[in-house]
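*Asks:* here's a sequence, model it:
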Amino acid sequence: MGEIYNNVSEDAAMAILGDFVFYAGNPSEKLVQYKPKSCKQDFIIMGPYSASWKVLR
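*Replies:* Below is the predicted model:
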């Protein structure tokens, strides 16, 4: 149905579901900037877990 990625320290994750991405855990700028090769669209709708994730976009 989708893909889930985590950061190196495994304290943050993102789930990509079609045109949407949802974040959880501790904010990670590298995770927000990561675009997997399977993500072909030129845009993505981001659903931040908290306000601290929102500032990283």
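
*Asks:* gap between stretch 24-33 and the chain center?
*Replies:* Here the centre of stretch 24-33 is set off from its chain's centre by 7 Å, with CA atoms, centre = their mean, to the nearest Å.

*Asks:* what's next to it, contact-wise?
*Replies:* Stretch 24-33 is touched from outside by 5-7, 11-15, 23, 46, 49-50, 52-53, 55-57, with contacts defined as CB atoms under 8 Å, 6 or more residues apart in numbering. The way it works is simple: take the backbone N, C-alpha and C, and place the C-beta from them, glycine included.

*Asks:* show me the helices in this structure, by range?
*Replies:* 29-33, 51-54 (DSSP state H).

*Asks:* which residue is the nearest non-sequential neighbour of I16?
*Replies:* E3 (4.8 Å; CB to CB, 6 or more residues apart in numbering).

*Asks:* tell me how many other residues crowd that neighbour.
*Replies:* 12 (other CB atoms under 10 Å).

*Asks:* check what pLDDT it gets.
*Replies:* pLDDT for E3: 93.

*Asks:* make sure it is actually in contact with A13.
*Replies:* No - counting by CB atoms under 8 Å, E3 sits too far from A13 to count as a contact (10.7 Å).

*Asks:* the residue nearest the centre of the chain pairs with what?
*Replies:* Centroid-nearest residue in the chain: M14, 3.7 Å away (criterion: CA atoms, centre = their mean). When bridges are called by DSSP bridges, M14 pairs up with Y5, Y23.

*Asks:* and it, how close does it get to F43?
*Replies:* Computed with CB to CB, to the nearest Å, the distance linking M14 and F43 is 16 Å.

*Asks:* hang on, Y34 packs against N6?
*Replies:* No - with contact defined as CB under 8 Å, Y34 does not count as touching N6 (10.4 Å).

*Asks:* wait, the residue nearest to the centre of the chain touches K35, no?
*Replies:* No - between M14 and K35 there is no contact under CB under 8 Å: 10.7 Å.

*Asks:* count the residues that sit near the residue nearest to L56 when sequence neighbours are not counted.
*Replies:* Counting by CB to CB, 6+ apart, L56 lies nearest to V32, which is 4.5 Å off, once chain neighbours are set aside. The local packing of V32 (other CB under 10 Å) involves 19 other residues.
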